[in-house]
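> here you go, sequence then predicted model.
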Amino acid sequence: MNQTTEEDRLTAPDVEADLAPQAQETKNLFTNKQLKKLIFPLVIEQFLAVAMGMTDTLMVASIGEAAVSGVSIVDTINILLIGLFGAMAAGGSVVAAQYIGRKDEKNVAKAAGQLFLAVGGLSIVLMAIALIFNEPLLRLIYGKISQDVMDNAKIYFLLSALSYPFLAFYNSAAALFRSVGNSGISMRVSLIANVFNIVGNIIFIFGFHMGVAGSGLSTLISRILCAVIILVLLHRHAGLTVDFTLKIDKGMLRRILYIGVPNGVENSIFQLGKLLLSSLISSFGTVAIAANAVASTICGLETIPATAIGIAMITVVGQCVGARELDQAKKYMGKLLKTAYIWLIVLNLSIIPFLNGITGLFQLSPETSALAVKLMLYHSICCMMIHPLAFCLTNGLRAAGDVRFTMVVSICSMWICRIVLAYFLSLHLGLGLMGIWIAMTIDWLVRAIFFSTRVLRGKWRRFALRSLS
């Protein structure tokens, strides 16, 4: 009954009434200089994250295709588990950004403290699950893979699981810094960690000849360093206080979970779908696994600007909603989306001529290299046309509190387009690995249509107002 009453209260005239004051407000909440200051470090940080993955893949590839395949399949599981507390961090950053927009410092500190409490507990549980069910979990998902791939995967899974709590705290602290518009700190910490990871790879893989274990150990140590540095900086930062406590604040935690749970469910289903497809890819053999691993790594470079702008959209739209400036929220969604398209077009057109040379760095067989190039070329074309609409706008909607819509659309599109269609194209039509990538981009297209329509029609506004009540 209360839910119906709340819905009825947020009718179109009420929305217009709530927006009336901002019609008189002409001052922009974010200047172009502020947007650049927010986005540029995010681009650098995303590049460093992809570079870290590429460095690991390149160095592990020198050991052999079984090693790079083992790391690849574990990373698919890692992304699923890490995405859970990543979603929680996003929920906390949205709530913090909205309170910042209201200039409510007390609740900003309280939201930050509850975020660390929730994410810390969840990451420890996930670490325990990964450590206890290491081999059984790998066998359940990848039972058909060769023994040498499995041996490498077990080692890398063990070491990467130990890093979950440290990565969780880093992500949470970084999200809080971004919520106040300071993305430079997380960029600098990421730079330090990546340099350390590269040096660690050189020492452990080539110096001590530890193979996949060397890569995993280097990643673990760099994530510990990352977490320690950013937590120290967070403690010393004058513009952002955290109410660290072991006591649960049900009201604040509920606000974080309202954003984080749908986001987490969406991300988990998305990654679970990728996990199922990864299992399907493994049935195509080592060539397909290695080609998919290399192509996925390079394609991560092609989406860096859109990913960074999507993260920035949480801060920008969240603060606009907190300040009740919904017209500005929509304006910035459009402005950031346009920027993402420009960057993606320039970047992808610059990468395409060098695809053959890039794959040559990974010491692949001719068959594997040719397949990887084909996948990357197709991805580049679709990336320039569809990707920002599918993955930037969704963060804008989440920051406005319209989380259930994005969750439902994403889950339905994932299972219908990316999963069912992938099996049909790859197995029944005989397209193999290429069929899986085609299904992926059809999933992008469906998301793009629904999310852009949602923004244009303005239905997200009522959820934005509800989040402020």
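Great, that's in hand.

> which parts of the stretch 1-150 of the chain are helices?
Counting by DSSP state H, counting those that start in this stretch, the segments of the stretch 1-150 of the chain that form helices are 2-9, 12-24, 32-61, 65-102, 105-132, 134-142, 147-161.

> now the fourth one: mean pLDDT?
In other words, helix 65-102. Mean pLDDT, taken over the full extent of helix 65-102, equals 83.

> tell me what angle that helix forms with helix 105-132.
Orientation of helix 65-102 against helix 105-132 (axes from the mean of the first three to the mean of the last three C-alpha atoms, to 10 degrees) gives an angle of 160 degrees.

> flag every buried residue along helix 65-102.
Using 16 or more other C-beta atoms under 10 Å as the burial criterion, the residues of helix 65-102 that qualify are 65-78, 80-102. Heads up, the C-betas are built off the backbone N, CA and C, glycines and all.

> residues contacting stretch 144-155, please?
Here stretch 144-155 makes contact (C-beta atoms under 8 Å, 6 or more residues apart in numbering) with 66-67, 69-71, 73-74, 134-135, 138-139, 142, 211-213, 216, 282-283, 286, 289.

> list the buried residues in it.
For stretch 144-155, burial by neighbour count (16+ other C-beta under 10 Å) applies to 145, 149-150, 152-155.

> next: stretch 341-355.
By neighbour count with 16+ other C-beta under 10 Å, stretch 341-355 contains the buried residues 341, 343-344, 347-348, 351, 355.

> out of those residues, which are inside strands?
Counted as lying in strands by DSSP state E, out of the buried residues of stretch 341-355, is not a single one.

> out of the residues you listed, which is nearest to residue 302?
Here the nearest of these to residue 302, counting by C-beta to C-beta, is residue 348; it sits at 5.3 Å.

> the closest residue to residue 360 other than its chain neighbours - how many residues pack around it?
Nearest in space to residue 360, with sequence neighbours left out and distances taken as C-beta to C-beta, 6 or more residues apart in numbering, is residue 369 at 7.1 Å. Counted by other C-beta atoms under 10 Å, the residues lying close to residue 369 total 21.

> ok, residue 369 touching residue 361?
No - counting by C-beta atoms under 8 Å, residue 369 sits too far from residue 361 to count as a contact (10.2 Å).

> so what's in contact with those two at the same time?
Residues within reach of residue 369 and of residue 361 at once, by C-beta under 8 Å, 6+ apart: there are none.

> where does the stretch 351-469 of the chain dip in pLDDT?
Scanning the stretch 351-469 of the chain with the threshold set as pLDDT under 70 gives 467-469.

> mind listing the strands for it?
If DSSP state E, counting those that start in this stretch is used as the criterion, the stretch 351-469 of the chain turns out to lack strands entirely.

> of all the helices of the stretch 1-150 of the chain, which one is nearest residue 256?
Of all the helices of the stretch 1-150 of the chain, it is helix 65-102 that lies closest to residue 256, at 4.7 Å by C-beta to C-beta.

> and the closest one, how far out from the chain middle?
Distance of helix 65-102 from its chain centroid, counting by C-alpha atoms, centre = their mean, to the nearest Å, is 5 Å.

> roughly how far does residue 248 sit from residue 94?
19 Å (C-beta to C-beta, to the nearest Å).

> so what's the residue nearest to residue 360 up against?
Applying C-beta under 8 Å, 6+ apart, one finds that residue 369 lies in contact with 291, 356, 359-360, 362.

> what does residue 403 give?
Listed by C-beta under 8 Å, 6+ apart, the contact set of residue 403 reads 258-259, 262-263, 397, 463.

> what about 10 Å?
If you count contacts by C-beta atoms under 10 Å, 6 or more residues apart in numbering, residue 403 has them with 90-91, 94, 258-263, 265-266, 394, 397, 463, 467.

> most surrounded residue in the residues you listed?
Neighbour counts for those peak at residue 94, which has 32 neighbours (criterion: other C-beta under 10 Å).

> surely that one meets residue 464?
No - taking contacts as C-beta atoms under 10 Å, residue 94 lies outside contact range of residue 464: 11.2 Å.

> helices of the stretch 301-450 of the chain, start to end?
304-322, 326-351, 355-360, 366-385, 387-391, 393-399, 403-413, 421-423, 433-457.

> buried residues, stretch 400-419. List them.
Across stretch 400-419, burial judged by 16+ other C-beta under 10 Å covers 400-403, 405-407, 409-411, 413-415, 417-419.

> tell me the confidence at residue 1?
Per-residue pLDDT puts residue 1 at 39.

> mind starting the numbering at 52 from now?
New numbering, starting at 52: the last item is residue 52.

> with only the CA atoms kept, save the strand or helix carrying residue 219 in CSV.
Secondary-structure element containing residue 219, defined by DSSP states H and E: helix 215-230. Only the C-alpha atoms of helix 215-230 are listed here, as CSV (Å, rounded to 0.1, in the frame of the first residue of the first chain):
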residue,chain,number,x,y,z
TYR,A,215,40.0,-10.2,-2.9
PRO,A,216,39.8,-8.2,0.4
PHE,A,217,42.6,-5.9,-0.6
LEU,A,218,41.0,-5.2,-4.0
ALA,A,219,37.7,-4.7,-2.3
PHE,A,220,39.0,-2.0,0.0
TYR,A,221,40.9,-0.3,-2.9
ASN,A,222,37.8,-0.2,-5.1
SER,A,223,35.7,1.2,-2.2
ALA,A,224,38.2,3.9,-1.4
ALA,A,225,38.7,4.8,-5.0
ALA,A,226,34.9,5.0,-5.5
LEU,A,227,34.6,7.4,-2.6
PHE,A,228,37.4,9.7,-3.9
ARG,A,229,35.6,9.7,-7.3
SER,A,230,32.3,10.6,-5.7
